[in-house]
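1. Provided below are the primary sequence and the corresponding predicted coordinates.
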Amino acid sequence: MSLVSVAPELVVTAVPDVARIGSSIGAPDTAAAARPTTSVLAAGADEVSADVVALFGWVAR
């Protein structure tokens, strides 16, 4: 069995730092989620490329 000893005053002083770290980690996720990721550009100007783009765009939704 393990024993862990924690000083409550250290936990209280660590809370703002941990909250700041959590918000720093979450910020890039929020920015990435704001950008659309369901669009695909056509590779060429032919009908096959347009159909492939339409198919993958539909699958992404």
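-> Alright, I've got the coordinates.
2. name the residues of the lengthiest helix in the chain that come out as buried.
-> Counting by DSSP state H, the longest helix found in the chain is helix 8-34. The neighbour-count check on helix 8-34 (16 or more other CB atoms under 10 Å) flags nothing as buried. C-betas here are computed from N, CA, C, even on glycine.
3. show me what secondary structure element comes after that helix.
-> helix 47-60 (DSSP states H and E).
4. which of the residues in that following helix are buried?
-> Neighbour count says helix 47-60 has residue 53 buried, by 16+ other CB under 10 Å.
5. what helices and strands are in contact with it?
-> Helices and strands touching helix 47-60, as assessed by 3 or more CB pairs under 8 Å, 6 or more residues apart in numbering; DSSP states H and E, are absent.
6. what's the average pLDDT for that helix?
-> Taken as a whole, helix 47-60 has an average pLDDT of 77.
7. same question for stretch 22-32.
-> pLDDT averaged over stretch 22-32 gives 72.
8. if we can go back for a sec, how much distance is there from the longest helix of the chain to the middle of the chain?
-> On the basis of CA atoms, centre = their mean, to the nearest Å, helix 8-34 sits 15 Å off its chain's mean C-alpha point.
9. state the distance from residue 27 to residue 3.
-> 37 Å (CB to CB, to the nearest Å).
10. how close does the most far-flung residue of the chain relative to its centre get to residue 7?
-> Distance from the C-alpha centroid of the chain, by CA atoms, centre = their mean, peaks at residue 1 (37.6 Å). Distance from residue 1 to residue 7, counting by CB to CB: 21 Å.
11. ok so, going back, in contact with the residue farthest from the centre of the chain, which residues?
-> By CB atoms under 8 Å, 6 or more residues apart in numbering, no residues touch residue 1.
12. from residue 21, how far out is it?
-> 30 Å.
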